[in-house]
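*Asks:* Give me the fold of what follows.
(one chain, ligands or ions: 1)
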Amino acid sequence: MSTTREVTVPDVGDFKNIPVIEILVKPGDVVKVDDPLMTLESDKATMEVPAPFAGTVKELMVAIGAKVSEGTLIAIVEEIDEATPVVTVEKVIAEPPLLSPATSQVLSAPAPVPTPAPPPEIHLPAHASPSLRRFARELGVDIDRVIGTGPKGRIQREDVLVHVKQHMRHDTEAGGGTGLDLLPWPQIDFAKFGDVERMPLSRLRKISGPNLARNWVMIPHVTNFDEADVTDLETFRLTVNKENADAGIKVTMLAFLIKAAVSTLNAFPEFNSSLEGEELVLKRYYHMGFAADTPNGLVVPVIRDADKKGVLEIASEMAALARGARDGKLKATDMQGGCFSISSLGGIGGTGFTPIVNAPEVAILGVAKAEMKPLWNGTEFHPRLVLPLSLSWDHRVVDGAAAGRFLHHLVGLLGDFRRILL
Ligand code: CAO
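*Replies:* This next block holds a predicted model:
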C-alpha cells in the first residue's frame with residue numbers, strides 16, 4: 001500500500017527565506033526516514049531537510065536557489081508501507097554513474113588483495129555542502145580526502161575536524177611539531193562539589209561559539225593598544241545631539257568611530273581585505289560590522305557602504321540594527337558582507353580588551369570606556385577625555401608596524417575629526 005504525501009520544511013527555528021543550496025535526491029529515488037533530501041544554508045548555519053517518512057520521491061517542488069521557510073512544500077513522496085523492502089539512497093548513490101571513470105575502474109578491477117583500497121586513495125567525489133567545502137578550504141583540508149560518516153557517506157563538520165586532528169597527530173608523532181596536541185577537555189562531576197544547574201546554550205551561542213573558537217585557533221592574533229584624546233569630539237557630539245534632539249536622533253561615540261575607521265581603512269587597504277589561500281582579496285567597499293550584545297549572545301550587524309553615509313545616518317541605522325538584534329529580528333542579510341568590525345564596550349566600562357578577529361575579516365577594533373585623565377601638554381597636565389582603543393589583527397596579513405600606523409592614524413582622526421576631510 002502506498003500513499004502520496006507532501007513533504008514540507010520542518011521547524012527551522014527563527015530562520016526564514018533560507019536558500020536551497022543543494023538537492024540530494026531526484027524523482028524516482030527511494031528514501032528512508034531521515035535520509036537528507038536537500039540542504040538549506042543561512043548565513044549562520046547549514047541544515048539538511050530529512051525525509052519525514054520512507055518512500056519514493058515523485059516530484060521536487062523547489063530548485064536550487066529557491067528560498068524556503070517552515071511549511072514550504074518541497075517534494076511529493078509516495079510513502080512506502082513499512083513492510084515493503086526499501087532500496088536505500090546509499091545504494092542509489094553507489095551506482096556507477098556517480099563515480100568518476102577512474103574510480104569505477106578501481107572498483108571493478110580484480111583486486112590483488114580482497115580488502116578494499118583505503119578511502120583516501122579512491123578519490124570518490126566528496127559529498128559535502130558548499131559551506132562545509134568552504135570550512136575545509138579555510139582549514140587547508142582537501143575535502144576529497146575526508147571520510148564522510150553522515151548518511152550516504154556525506155561529509156559532516158566533525159569529519160573534517162577528525163581529519164585535521166588525525167593529521168596533526170601524525171605530524172606531531174612524525175616530529176613535525178605542528179599539532180596542537182591538546183589534552184582532552186576535563187570531565188568533572190561538578191555536583192560532587194556543590195549544587196549546580198544545567199542551562200542549554202542558546203541557538204546563537206551554539207553558532208557563534210565554534211566560529212569564535214575557529215577564529216581564535218586559526219588566526220595568529222596580535223593586539224595593539226592606543227588612546228585617543230576625544231575631548232573635542234565629545235563636545236561636538238553633544239552639540240550635534242542637542243541640535244538633533246527634536247528629530248530623536250542620538251549619536252554615540254560608536255557612530256564617529258565607524259566613520260573614522262572607514263577613513264582609516266581607506267588609508268590602509270590591507271586592513272580591508274580577506275585572506276584566500278595565497279591571495280589577499282582587497283575590498284573596494286566599506287561594510288562595517290559592530291558587535292551588539294543581546295540577551296541570547298553576540299551578533300554583528302553590518303552597516304553597508306558606510307563610506308557613503310554621514311554620521312547621523314550611521315547612528316540611526318546602528319540604533320535600528322541594535323534594536324533588531326536585541327529583539328531577534330535581524331535578517332541574515334543584515335549580518336553579511338562585513339569588512340571590518342568594531343566591538344564597543346564603552347557604554348559598559350573597562351580599560352581595554354583583546355577582541356577576536358571576525359573571520360574572514362583581518363582586523364577588529366575594540367573600544368573601552370572614555371575617561372577623564374590628566375594629559376601632559378608639554379608644560380602642564382590638563383584634563384582630557386581619553387578613549388582606550390585596541391586593534392586585534394591577523395599576523396598572516398598585517399605586520400605590527402602597519403597595525404601601529406593604522407591605530408595612530410585612527411587616533412589622529414578622533415583627536416581632530418576635521419582630518420577626515422583631508
Ligand atoms: N566611553 C564612554 N561612554 C560611552 C562610550 C565610550 N567609549 N561608548 C558609549 N558610551 C556611552 C554612550 O554615550 C551612552 O551614554 P548616554 O546614555 O549617557 O548618552 C551609553 O554609554 C550607552 O551607549 P550605548 O551602548 O547605548 O550605545 P553605543 O552606540 O556605544 O553601543 C551597541 C551600541 C549596540 C554597540 C551596544 O549597546 C552594545 O551592544 N555593546 C556591547 C558590544 C559587545 O558586547 N562587545 C563585546 C564583544 S566580545 O564578546
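*Asks:* For the stretch 251-400 of the chain, give me the ranges with low pLDDT.
*Replies:* Counting by pLDDT under 70, the stretch 251-400 of the chain contains no low-confidence residues.
*Asks:* quick one, helices of it?
*Replies:* Taking DSSP state H, counting those that start in this stretch, the helices of the stretch 251-400 of the chain run over residues 253-267, 311-326, 400-415.
*Asks:* which secondary structure elements does the second one contact?
*Replies:* Contacts defined by 3 or more C-beta pairs under 8 Å, 6 or more residues apart in numbering; DSSP states H and E place helix 311-326 against helix 253-267, strand 288-290, strand 292-294, strand 302-303. Glycine gets a C-beta too; all of them are placed from N, C-alpha and C.
*Asks:* The longest one versus helix 400-415: what angle between them?
*Replies:* Think helix 253-267. 130 degrees (axes from the mean of the first three to the mean of the last three C-alpha atoms, to 10 degrees).
*Asks:* Now look at helix 253-267 and say if it contacts the ligand.
*Replies:* Yes. Interface with the ligand: helix 253-267 contributes 253, 254 (C-beta under 6 Å from any ligand atom).
*Asks:* For that helix, which residues meet the burial criterion?
*Replies:* 253-265 (16 or more other C-beta atoms under 10 Å).
*Asks:* so what does that helix touch, helix or strand wise?
*Replies:* Short answer (3+ C-beta pairs under 8 Å, 6+ apart): helix 253-267 packs on helix 231-243, strand 288-290, helix 311-326, strand 340-344, strand 363-367, helix 400-415.
*Asks:* With distance to residue 79 added, can I get the helices of the stretch 251-400 of the chain in JSON lines?
*Replies:* Shown next, in JSON lines, are those (distance: least, C-beta to C-beta, whole Å):
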{"stretch": "helix 253-267", "distance to residue 79": "55"}
{"stretch": "helix 311-326", "distance to residue 79": "41"}
{"stretch": "helix 400-415", "distance to residue 79": "61"}
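*Asks:* between those, which gets nearest to residue 33?
*Replies:* Closest approach to residue 33 among the helices of the stretch 251-400 of the chain (C-beta to C-beta): helix 311-326, 37.5 Å.
*Asks:* Could I get the buried residue list for the closest one?
*Replies:* 311, 312, 314, 315, 316, 317, 318, 319, 321, 322, 324, 325.
*Asks:* Report the contact partners of the one residue in the stretch 101-250 of the chain that gets nearest to the ligand.
*Replies:* Taking C-beta to the nearest ligand atom, the ligand has its nearest neighbour within the stretch 101-250 of the chain at residue 250, 6.7 Å off. Counting by C-beta atoms under 8 Å, 6 or more residues apart in numbering, residue 250 touches 241, 244, 315, 319.
*Asks:* For it, what are phi and psi?
*Replies:* With angles defined as degrees, to the nearest 10, residue 250 sits at phi -120, psi 120.
*Asks:* Could you do residue 301 as well?
*Replies:* phi -70, psi 160.
*Asks:* How about it: what's its closest non-neighbour residue?
*Replies:* residue 321 (3.8 Å; C-beta to C-beta, 6 or more residues apart in numbering).
*Asks:* Now do the one you found against the ligand, distance only.
*Replies:* 8 Å (C-beta to the nearest ligand atom, to the nearest Å).
*Asks:* Up against the ligand, what does this structure have?
*Replies:* Within reach of the ligand by C-beta under 6 Å from any ligand atom, the chain has these residues: 252-254, 290-293, 298, 322, 343-347, 355, 367, 369-370, 387.
*Asks:* Pull out the buried residues from the residues you listed.
*Replies:* Here, 16+ other C-beta under 10 Å leaves 252-254, 290-293, 322, 343-346, 355, 367, 369-370, 387 buried among these.
*Asks:* you'd agree the residue nearest to residue 301 is up against residue 292?
*Replies:* Yes. Here residue 321 reaches residue 292: they are 7.1 Å apart, a contact under C-beta atoms under 8 Å.
*Asks:* joint contacts of these two?
*Replies:* Counting by C-beta under 8 Å, 6+ apart, the residues touching both residue 321 and residue 292 are residue 301.
*Asks:* For the ligand, what's its nearest residue on this structure.
*Replies:* Using C-beta to the nearest ligand atom, the single residue of the chain nearest to the ligand is residue 346, 2.0 Å away.
*Asks:* That residue and residue 370 touch, don't they?
*Replies:* Yes. With contact defined as C-beta under 8 Å, residue 346 reaches residue 370; the gap is 6.3 Å.
*Asks:* can you list residues touching both of these two?
*Replies:* When contacts are counted by C-beta under 8 Å, 6+ apart, residue 346 and residue 370 are jointly contacted by 253, 387.
*Asks:* For residue 134, pull up the helix or strand it's in.
*Replies:* helix 130-138 (DSSP states H and E).
*Asks:* That'll do, ta.
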